[in-house]
Structure formats: C-alpha cells, structure tokens
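Novice: Sequence plus the predicted model coming up.
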Amino acid sequence: MSRGCARTYAGVVSLSSLTSKLSARWARHGYPQFVWWIPLVMYGSTAIALVIGVAQRSGSGDVAAAAGLALISSIPWVFDALAIRLRWWLTAPLAAVPTLVLMAQYPVGYDFAIFSLVMLVGHLGALEKFVESLVATALVCAAVGFLGVTGDVEASAFWIAGIVVGWDIGFIMQYQQRRLDAQESMAVAAQAAAVLEERQRIAREVHDVIAHSLSVTLLHLTAARRSLEDEDVDVAEAAEALLDAERLGRQAMAEIRHTVGLLGQGGGAPRPAPDLLDVTALVEEFRGAGLDVVLEISGSPEDVPAQTALGLYRIAQESLANIAKHQPASRAVVVLEADASRQALQIWNTLPSPAAQGPRDGAGLTGMQQRAALLDGHFAAGPRDGVWVVEVAVPARAAETCRLGLPKILRPGFRAAPSPGTVTP
C-alpha cells in the first residue's frame, strides 16, 4: 500500500471514529439516529452559505464585519457538531440574529446568507419537538417578513416560503428517522427475545435428556451394587446391569452431542423428535432399569399434533426421571388420554409415608411447567391422597376434566389385567 493510500485510509478511519463518537453523544441527548452524512451535509451547506454571503461583500469594505457576524452565527452549529446541545430558544436567536443583521446592515443583491436560515429551521425541525421547532420557524419568518417590509430584504415572501419548506423537510426527516429507530429497537428486542427463548428450549431439551439418562443409569448401577452386595453374588446379573448403564451413558452422550450440534447446524440430518407413540418404549426403559411403573393409554396418540406430542413426552420423561431419582422404590403409573382434540397426562407414584414429599423445586418442575405453558395447557404437581401427582391437560379448557381419581393400580394388592394399549409389568 502506498503512503498516499495509507493516509487516505487513516483519514477515513479517523472520520468514521469521530462520527461514531458524535453519533453516540447525539443519541445520549435524545437526537434521532440519522446517518452520519446527513448532519455533515447540514453543517457543510450552512458553512458554504455563510462563506458565500461574506464573499458577496468583499468589494464593499464590509468583509471584516460580515465575517464577524458569520462567525457568531456559526457558534450554535459548532456546539451541535461537538454534540453539546443548546436549547432551541438559544440556538435560534444566536444563529439567526447575526445573519439578519448582516442582511439588513450590509445588503447585497441575491444575498446567499439567507440560505443559512433555511438550514437553521430545517435543523431545528429535524431535532427539536414539533411545537418548539414551529415556534422558532415562525419567529424567523416574522423577522424576514419585517426586513422585507422595511425594504432591507428583497423577495422576502419567496424566502419565507423557502424557510417554511426547510422546516417541513426537517420535520419529515425527524418523523421518518424516529420511526426507523423505533422499528430497529423493536427488531433488536424481538431478536433478543427469540435468542432467549431458543436458549431456554435447548436448556430444557438438554436437561430432559441428561435427567432421563442419568436416572435410568443410576437405577442400573443400584441394581448392580445390590447384586454384588448379596451373599449369593450373581455376577452375570450385575454385569448385565453395568452393561445397560454403559449403553445408556453412551446414548445420552450421543443425544447431547446431537442437541448441542444443532446450535452450529453441524449435527447432520436431524433425527425425528419423540412423540406419544414413544411413551411405551420410555416406560419399558424405566421398567427395565428396575422402576415399578405401569402405563395406561387410551384414545389415538398418533393423531396428536407433533409439538404437543413432544411436550407431553418430555413431561412424562422428566416425571419418571424424578421418580427414579427421589422415590426409586415407589410404585408408579402413567395415564395418557390422547386424541386430536384433547390430551391429558398424569403420572402418579406412591410416597413412603403420608408426610413424604416429592420434588419441590428445581429445573425439572420448572421445565415441565414451561412446556405446559408453551402448549397453553394446565399443569399441576404435588402430593394428593398419599401419592405424588404430576398432571397436564391440553388444551387449557380441558383442565377441569383432567382430575381423575386415584387409579386402582396404585391400591395395595391390585393387579390390572392386560388390555389393548396397556403395558403391565
């Protein structure tokens, strides 16, 4: 890169850095977030108008006085360029009065200095409140009209119209820019909300996979430990339990990698999400790990919408994981009533004593509640008649009809006969 190109590049970077800092300061003052070149055009146009106005008087010997008045008139613009905000009632007279004096005391034909007044009211219209900028514009128009009546300004009516048009353009710019700023803020907020919602969804998925896999793995490890502690050691049974625990651990790692891999879109072909038809296999897995659990299904689960089916499956998965974690020796039953119009899920498990409680807090219950809320469903969890109950009904209007009585299968000594759609131990 040549030295000339390097200097040009450095100058562009410096200008960009300066405009970024000024834009941040303008934003703190409540200015609309105009593109950086818009204020530069306004400053440059005003400076050109004042310089030409002074040059027009170069042959009359009034250059020094004209230059002084032009410098005084430019003071508010300098403050504004430095993001030092002056109130409109100070900006308007400080910028307009010296220009009006210049025009009245040192008149010239086709005075170009008056164009700075057009830029002034456009500037106020673009930055200030509607009433304030309108009052400032009216005062400037009145002053130009007065100079026209006294004969100090030619074509005052034309310039008054130009000043009004300048203010109108500035006000339209402010209106449009504030709408763009509001839309951008809404878009940023919506994006942040979407990112947060996706993070929460992924957190629920990862939590459910880990909780389910670890709960079943612990059941297998417990079975292996008890087999080894028994005087009549059954090495084959213990080895089988350890192999199941190892298999589930590898499966959990694969599912976690798949879920996390979706974040980078590098997880390969997506696997189908589980649905209510997979609840049977889920219950069999927990039963195979030693949990005393029975499943009762009625209706047509295959007709349930995919999103609802996934949510109910995850709730059943988390509930069984909680039972395996907190009450592994209890007896449990999963009751699923599902069709295209109504879905109800209940998971019951016995408590060792009337005073015993199930899980009271933690990510598990919160995650289940969030899943039910996403489905616009009813969720409840707590002790009832000596059992711990997790209850979900979708849609919400079915909540009142979802409160089934205590299943006979939880009563001591009861053994349910197999029926279609029912899995028994």
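Specialist: Arrived safely, thanks for sending. This one's a predicted model, so the numbers in the text were calculated from it and none came from an experiment.

Novice: Which residues does Leu295 form beta bridges with?
Specialist: Val334, Val423 (DSSP bridges).

Novice: hang on, it packs against Val279?
Specialist: Yes - judged on Cβ atoms under 8 Å, Leu295 makes contact with Val279 at a distance of 6.7 Å. Glycine gets a C-beta too; all of them are placed from N, C-alpha and C.

Novice: Quickly list what's touching both of those two.
Specialist: Val334, Leu336 (Cβ atoms under 8 Å, 6 or more residues apart in numbering).

Novice: low-confidence ranges in the stretch 251-400 of the chain?
Specialist: 251-272, 353-363, 396-400 (pLDDT under 70).

Novice: Can you list the helices and strands that the lengthiest helix in the chain packs against?
Specialist: Longest helix in the chain by number of residues, with DSSP state H as the criterion: helix 156-229. Other helices and strands packing on helix 156-229, by 3 or more Cβ pairs under 8 Å, 6 or more residues apart in numbering; DSSP states H and E, are helix 115-127, helix 130-150, helix 235-261, helix 279-288, helix 306-326, helix 363-374.

Novice: now, of those, which is deepest in the fold?
Specialist: Most buried of the helices and strands packed on helix 156-229 by mean neighbour count (mean count of other Cβ atoms under 10 Å) is helix 115-127; its value is a mean of 25.

Novice: Between helix 156-229 and that helix, find me the angle.
Specialist: 30 degrees (axes from the mean of the first three to the mean of the last three Cα atoms, to 10 degrees).

Novice: avg pLDDT for helix 115-127?
Specialist: In this model, helix 115-127 carries a mean pLDDT of 93.

Novice: Could you check the angle it makes with helix 130-150?
Specialist: Going by the same axes, to 10 degrees, helix 115-127 makes 160 degrees with helix 130-150.

Novice: Counting by contacts, list what helix 115-127 packs against.
Specialist: helix 37-55, helix 88-105, helix 130-150, helix 156-229.

Novice: can you dump the C-alpha coordinates of that helix into PDB?
Specialist: Output of helix 115-127 as PDB, limited to C-alpha atoms (Å, rounded to 0.1, in the frame of the first residue of the first chain):
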ATOM      1  CA  PHE A 115     -29.900  30.200   2.900                       C
ATOM      2  CA  SER A 116     -28.300  29.600   6.300                       C
ATOM      3  CA  LEU A 117     -31.700  30.500   7.900                       C
ATOM      4  CA  VAL A 118     -33.400  27.800   5.700                       C
ATOM      5  CA  MET A 119     -30.800  25.300   7.000                       C
ATOM      6  CA  LEU A 120     -31.300  26.500  10.600                       C
ATOM      7  CA  VAL A 121     -35.100  25.900  10.700                       C
ATOM      8  CA  GLY A 122     -34.600  22.600   8.900                       C
ATOM      9  CA  HIS A 123     -32.000  21.600  11.500                       C
ATOM     10  CA  LEU A 124     -34.500  22.600  14.300                       C
ATOM     11  CA  GLY A 125     -37.300  20.700  12.600                       C
ATOM     12  CA  ALA A 126     -35.100  17.600  12.400                       C
ATOM     13  CA  LEU A 127     -34.000  17.600  16.000                       C
END
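
Novice: Out of the helices and strands packed on helix 156-229, the one nearest Ala49 is which?
Specialist: helix 115-127 (4.0 Å; Cβ to Cβ).

Novice: contacts for the closest one?
Specialist: 31-32, 34, 42, 45-46, 49-50, 53, 73, 80, 88, 91-92, 95-96, 99-100, 132-133, 136-137, 140, 144, 159, 162-171, 173-174, 177.

Novice: of these, buried ones?
Specialist: 31-32, 34, 42, 45-46, 49-50, 53, 73, 80, 88, 91-92, 95-96, 99-100, 132-133, 136-137, 140, 144, 159, 162-164, 166-167, 170-171, 173-174, 177 (16 or more other Cβ atoms under 10 Å).

Novice: Quick one: end-to-end distance for stretch 28-41.
Specialist: 21 Å (Cα to Cα, to the nearest Å).

Novice: in that stretch, what's buried?
Specialist: Tyr31, Pro32, Phe34, Pro39.

Novice: mean confidence for that stretch?
Specialist: 79.

Novice: Measure how buried Glu128 is and give me the count.
Specialist: By the measure other Cβ atoms under 10 Å, the count of residues near Glu128 is 23.

Novice: Name the nearest residue to it, sequence neighbours excluded.
Specialist: In space, and not counting its chain neighbours, Glu128 is closest to Trp88: 4.8 Å by Cβ to Cβ, 6 or more residues apart in numbering.

Novice: what's the burial count for Leu291?
Specialist: 24.

Novice: wait, what's in contact with it?
Specialist: Leu291 touches Leu219, Leu320, Ile323, Ala324, Pro328, Ala332, counting by Cβ under 8 Å, 6+ apart.

Novice: and if you look at Gln56?
Specialist: Taking Cβ under 8 Å, 6+ apart as the test, what Gln56 contacts is Val108, Asp111, Phe112, Ala113.

Novice: is it true that the second one touches Ser156?
Specialist: No - using Cβ under 8 Å, Asp111 and Ser156 do not qualify as a contacting pair, with a distance of 11.1 Å.

Novice: count of neighbours near Phe79?
Specialist: For Phe79, the neighbour count with other Cβ under 10 Å is 15.

Novice: With the one 4 residues further on instead?
Specialist: A count of neighbours around Ala83, defined by other Cβ under 10 Å, yields 17.

Novice: what do you get for Gly109?
Specialist: 6.

Novice: Return the per-residue confidence for it.
Specialist: Value listed for Gly109 in the pLDDT field: 83.

Novice: Phi first, then psi, for the nearest residue to Ser300 once chain neighbours are set aside.
Specialist: Spatially, and ignoring its direct neighbours in sequence, Ser300 is nearest to Asp339 (5.0 Å; Cβ to Cβ, 6+ apart). Main-chain dihedrals, Asp339, degrees, to the nearest 10: phi -150, psi -170.

Novice: which ones are touching Asp339?
Specialist: Gly299, Ser300, Pro301, Asp303, Val304.

Novice: how close does it sit to Pro274?
Specialist: Asp339 is 19 Å from Pro274, where distance means Cβ to Cβ, to the nearest Å.

Novice: just Gly30 next, same as before
Specialist: With Cβ to Cβ as the criterion, Gly30 and Pro274 are 52 Å apart.
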